[in-house]
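K.L.:
This is a predicted model, with the sequence first.
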Amino acid sequence: MRNLLFRNIFRTPLTESPPDPSEQAVRALAETLDRAARRRLGRSLCIREVDAGSCNGCELEIHALNNAYYDLERFGLRFVASPRHADVLLVTGPVTKNMREALERTYNATPAPKWVVAVGDCALDGGCFAGSYAVVGGVSEVIPVDLHIAGCPPSPTEIIKGLLALLEPAKTEASAP
Ligand code: SF4
């Protein structure tokens, strides 16, 4: 016991090095996103996440937006529990046959104006699950999609950039290389 105590006192922390990009870059991106949301909506952005059948890899990246590093809520960007309070539906995964009706009902319950963002390669066309007997296909097979964020899975920073592109399409296109 004493050995263990001494070892733990002198051992260096087993934490991972911080991810790229820098805290400043994430902060600048999130602040720009918040400003764009307030310009378009007069308030911050409310997001409802819908897992339509993903492997949960995309969810891990989306959940990271709320962790201590990204902490999107400090900029007023919020995940909400009900589609009735949402501006954006963030939909992941291929749409499974079991989730088709739930996705349609969630879309219908979201008040206009609303945007649908399909997150991840599976949300585009079913990805590696395409052709499965249990899968309908990409999100656009079931509801209209405004933006697709590619990746398997996309990183939290790519998701923030995608949301920004949704709110400021003209500016993003103009600044594209
Ligand atoms: S895009 Fe990749 S991480 Fe996301 S649900 Fe599909 S397989 Fe999983």
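P.N.:
Here it is on my side, so go on.
K.L.:
for the residue of the chain found nearest the ligand, what are its contacts?
P.N.:
Relative to the ligand, the nearest point of the chain is residue 57 (2.6 Å; C-beta to the nearest ligand atom). C-beta: built from backbone N, CA, C; applies to glycine. Residue 57 is in contact with 120, 152, 153, counting by C-beta atoms under 8 Å, 6 or more residues apart in numbering.
K.L.:
Name the member of those residues with the most neighbours.
P.N.:
Greatest neighbour count in the contacts of residue 57, by other C-beta atoms under 10 Å, goes to residue 120: 27 neighbours.
K.L.:
Find the nearest non-adjacent residue to that one, please.
P.N.:
Spatially, and ignoring its direct neighbours in sequence, residue 120 is nearest to residue 58 (4.2 Å; C-beta to C-beta, 6 or more residues apart in numbering).
K.L.:
Distance of that neighbour relative to residue 150?
P.N.:
Between residue 58 and residue 150 the distance is 11 Å, computed by C-beta to C-beta, to the nearest Å.
K.L.:
what is in contact with those two at once?
P.N.:
Taking C-beta under 8 Å, 6+ apart as the criterion, residue 58 and residue 150 both touch residue 120.
K.L.:
Compare these two (neighbour count), which wins?
P.N.:
Set side by side, residue 58 and residue 150 show more neighbours around residue 58, with 26 against 14, by other C-beta under 10 Å.
K.L.:
Show the residue spans covered by the strands in the protein.
P.N.:
46-51, 78-79, 88-92, 95-96, 115-119, 135-137, 147-149 (DSSP state E).
K.L.:
picking that back up, keep the contacts of residue 57, but drop any that are not near the ligand.
P.N.:
The residues of the contacts of residue 57 that also fall near the ligand, by C-beta under 6 Å from any ligand atom, are 120, 152, 153.
K.L.:
Residue 67: which of those residues is nearest?
P.N.:
Using C-beta to C-beta, residue 153 comes nearest to residue 67 of these, at 15.0 Å.
K.L.:
Can you verify my assumption that the closest one contacts residue 63?
P.N.:
No: using C-beta atoms under 8 Å, residue 153 is not in contact with residue 63, being 11.0 Å away.
K.L.:
Close to the ligand: what parts of this protein are there?
P.N.:
Counting by C-beta under 6 Å from any ligand atom, the chain sits next to the ligand at 54-55, 57-58, 92-93, 120-122, 127-128, 152-153.
K.L.:
who touches the residue most central in space within the chain in this structure?
P.N.:
Geometric centre of the chain, nearest residue: residue 62, 4.2 Å, by C-alpha atoms, centre = their mean. Applying C-beta under 8 Å, 6+ apart to residue 62 gives the contacts 49, 90, 92, 119, 156, 159.
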